[in-house]
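Participant: got a predicted structure plus its sequence, pasted below:
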Amino acid sequence: MGSCFTLLFAVFILIINSAEAANGKVFREYIGAESESLRLADVPINPKSRFISSFRSLSTTPRQITLTKQRGKAFFAPGSPETWVRNAMASLTQIIKEYHIDGLDIDYEHFKTNPSVFADCIGRLVTTLKQQKHISFASIAPFEEVQSHYLALWNKYGNDIDYVNFQFYAYNRLGVSEFKRHFDEQVSKYQGGSIMASIISKGSGGLRPEQGFFDACRDLKKEGKLGGIFIWCADESQGNHFSYEIQSQALLAA
């Protein structure tokens with residue numbers, strides 16, 4: 001069970017902020033993904049925004065994080081699905097209770113198994129955690145290259161997944177029309193899901209804020225499609241004084 005416990009830290013980002021979700025008003029961000037010094041209190045929060053959800057790796061467990069980094073990429077490669085689900089339940093239940101966690105974000109990006117096994121393992125895990133009231137919501141963070149695994153999960157267990165934090169910044173640089181086209185594609189693929197628009201604080205991928213990201217979000221909001229905004233990541237936003245976070249929350253709160 002020890003190896004499973006370590007692996008989970010690499011692929012599950014744990015939600016530590018307790019709040020009640022409101023449809024279409026969700027702001028989410030990874031905090032502490034690249035630094036152990038950044039705190040939730042360092043990030044500006046708009047009191048008029050209806051929901052703020054914050055993610056971070058557990059910097060209070062440096063030994064586990066160090067071990068994970070030494071392992072390199074975190075591959076999803078369960079030897080036995082039954083054993084994987086049982087071990088994951090035991091490990092996560094302990095962590096959830098200790099840190100008062102509300103939900104999970106599933107962000108596996110490397111696989112050594114087929115989509116069906118991934119869907120079965122993750123789906124059973126999330127469903128059981130919800131049924132036993134250990135978590136109240138769950139999200140996934142897919143991008144184009146891993147769609148087959150996440151769509152298999154969605155098609156079988158979509159009713160238990162609350163948000164799709166699609167990584168639009170994994171695309172090459174986009175214009176507004178291209179971004180909206182990709183967004184509509186994800187709406188059609190994850191039918192009934194709450195699809196979030198996303199940007200990266202640093203880097204050139206996706207639709208950049210200065211190139212019309214917030215204009216596109218306003219359009220999607222007016223059309224009733226915007227499930228929220230997701231940013232990678234607060235650690236990289238410190239240099240611009242969290243400008244994107246402030247703009248995102250203001251847009252959602254308006």
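Facilitator: On my side now, so go ahead.
Participant: show me where the stretch 51-200 of the chain has helices.
Facilitator: 62-71, 81-99, 115-131, 147-157, 176-189 (DSSP state H, counting those that start in this stretch).
Participant: could the ones you listed be laid out in TSV, adding distance to Asn165 and mean neighbour count?
Facilitator: All C-beta spots, glycine's among them, are computed from the backbone N, C-alpha and C. Compiled in TSV, the helices of the stretch 51-200 of the chain are given as follows (distance: least, CB to CB, whole Å; neighbours: other CB atoms under 10 Å):
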stretch	distance to Asn165	mean neighbour count
helix 62-71	21	13
helix 81-99	19	16
helix 115-131	15	19
helix 147-157	11	19
helix 176-189	11	16
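Participant: OK, contacts around Ile161?
Facilitator: 126, 138-140, 153-154, 193 (CB atoms under 8 Å, 6 or more residues apart in numbering).
Participant: do Val176 as well
Facilitator: Applying CB under 8 Å, 6+ apart, the residues contacting Val176 are 207, 211-212, 215-216.
Participant: now list the buried members of those residues.
Facilitator: 207, 212, 216 (16 or more other CB atoms under 10 Å).
Participant: which residues in the stretch 151-254 of the chain form strands?
Facilitator: With DSSP state E, counting those that start in this stretch, the ranges of strands along the stretch 151-254 of the chain come out as 163-164, 194-195, 197-200, 228-232.
Participant: may I see these arranged in CSV, with mean pLDDT as well?
Facilitator: Shown next, in CSV, are those (pLDDT from 0 to 100):
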stretch, mean pLDDT
strand 163-164, 93
strand 194-195, 95
strand 197-200, 96
strand 228-232, 92
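Participant: okay, these, which one's buried deepest?
Facilitator: strand 228-232 (a mean of 27; mean count of other CB atoms under 10 Å).
Participant: run me through the strand neighbours of that one, direction for each.
Facilitator: Applying DSSP bridges, strand 228-232 is found paired with strand 26-30 (parallel), strand 197-200 (parallel).
Participant: okay, Val117: pLDDT?
Facilitator: Listed pLDDT for Val117 reads 96.
Participant: before we move on, what about Tyr108?
Facilitator: 89.
Participant: do the same with Gly205
Facilitator: At Gly205, pLDDT is 95.
Participant: since we're on it, how many residues are nearby?
Facilitator: By other CB atoms under 10 Å, the residues close to Gly205 number 19.
Participant: so it touches Phe179, yeah?
Facilitator: No: contact criterion CB atoms under 8 Å: Gly205 and Phe179 do not qualify, at 11.2 Å.
Participant: got any ranges where the stretch 1-150 of the chain has weak pLDDT?
Facilitator: Applying pLDDT under 70 to the stretch 1-150 of the chain flags the ranges 1-24, 35-36, 47-73.
Participant: cutoff 80 now
Facilitator: Along the stretch 1-150 of the chain, segments meeting pLDDT under 80 span 1-25, 30-41, 44-74, 99-100.
Participant: before we move on, back to that, can the contacts of Val176 go into a markdown table with extra columns for distance to Gln167?
Facilitator: As requested, the contacts of Val176 are exported to a markdown table (distance: CB to CB, whole Å):
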| residue | distance to Gln167 |
| --- | --- |
| Leu207 | 12 |
| Gln211 | 17 |
| Gly212 | 18 |
| Asp215 | 20 |
| Ala216 | 16 |
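Participant: kind regards, and thank you for your time.
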